[in-house]
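>>> Generate a structure from the sequence data that follows.
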Amino acid sequence: MSGDDIARLLYLALLGAAIAGALLVGTRQSLGRIAQQAAIWGLIFLGAIAVIGLWQDIRRAAAPVPVTITADTIIVPVAPDGHFYIPAEVNGADILFMVDTGASDIVLTREDAWQAGLAPDALDYSLFASTANGTVRIAPVRLHSLTVGEVTDINVPAMVNGGELETSLLGMSWLGRFEMTLTPDRLVLKR
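Numbers count the residues shown, from 1 in each chain. Okay, the predicted model is just below:
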């Protein structure tokens, strides 16, 4: 803080003290009511500061921006949880993928594999993958088609997770086909 800032702060503090003192002297009989009103205004002020500080998060949660897909570009806004999600069609089934640059492959949950017609109970979970939650069994599969917007890939290698996984993952085997640009609020994939 510079000397000017300190002087301004001191001036505002003295001015505030003078106004508060004048109010207290002028209304000695109703100090309880003044304290109550001051507390209400203080809470309103704190609420306004909280809304201003969280405005970007509130706006993003209230009106999420949809994924924008053109012939060669996919623009993915950041979700309220800080991740990027891409809706896709796998073998004709609508699947929501989380973008995961830490995953080597496309990984489907057992539920999403079932929706895509892959019969997860009949798959051979003979391979292992190291994840943030430890080692899990995975089954290699081939997706007849993976469509995102106007982009369709045929005969796509993928994995089905044999363990617990909340959301299917789009890993680097698919993301590596794009030029990726990451900003704090969006991911741009360009072919």
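
>>> Give me the below-cutoff pLDDT ranges for the chain.
In the prediction, the chain carries residues with pLDDT under 70 at positions 1, 23-29, 31, 55-65.

>>> Assumed residue 163 was part of a strand.
No. Counting by DSSP: H, G, I helix; E, B strand; the rest coil, residue 163 falls outside a strand, being coil.

>>> just the helices in the chain please.
Using DSSP state H, the helices found in the chain span residues 3-26, 31-53, 55-62, 110-115, 172-175.

>>> Show me what the second one is packed up against.
Yep, that's helix 31-53 we're talking about. Using 3 or more Cβ pairs under 8 Å, 6 or more residues apart in numbering; DSSP states H and E, the elements in contact with helix 31-53 are helix 3-26. For the C-beta atoms, the positions are set from N, CA and C on the backbone; glycine is no exception.

>>> go again using 10 Å as the cut-off
helix 3-26, helix 55-62 (3 or more Cβ pairs under 10 Å, 6 or more residues apart in numbering; DSSP states H and E).

>>> got the domain boundaries for the chain?
When the chain is parsed into structural domains using automatic domain parsing, the resulting residue ranges are 3-53, 65-190.

>>> could you measure residue 171 against residue 86, distance?
12 Å (Cβ to Cβ, to the nearest Å).

>>> list the contacts for residue 181?
Residues counted as contacts of residue 181 (Cβ atoms under 10 Å, 6 or more residues apart in numbering) are 75, 187-190.

>>> Show me how far stretch 97-105 is from its chain's centre.
The chain centroid and the centroid of stretch 97-105 are separated by 15 Å under Cα atoms, centre = their mean, to the nearest Å.

>>> List the buried residues in it.
Using 16 or more other Cβ atoms under 10 Å as the test for burial, stretch 97-105 gives 97-100, 103, 105.

>>> just these now: which is nearest residue 122?
residue 105 (19.9 Å; Cβ to Cβ).

>>> I'd like the distance between the closest one and residue 168.
Counting by Cβ to Cβ, the gap from residue 105 to residue 168 is 11 Å.

>>> Give the residues shared as contacts by the two.
With Cβ under 10 Å, 6+ apart, residue 105 and residue 168 have common neighbours residue 158.

>>> between residue 171 and residue 86, what contacts are shared?
97, 99.

>>> quick one on the thing from earlier: which one of the helices of the chain lies nearest to residue 149?
helix 172-175 (13.4 Å).

>>> Who are the contact partners of the closest residue to residue 148 other than its chain neighbours?
Excluding the flanking residues, the one nearest residue 148 by Cβ to Cβ, 6 or more residues apart in numbering is residue 88, at 4.8 Å. Residues near residue 88 by Cβ under 10 Å, 6+ apart: 67, 94-97, 106, 112, 143, 145-149, 151-153, 168, 170, 174.

>>> I'm done for today, thanks for sticking with me.
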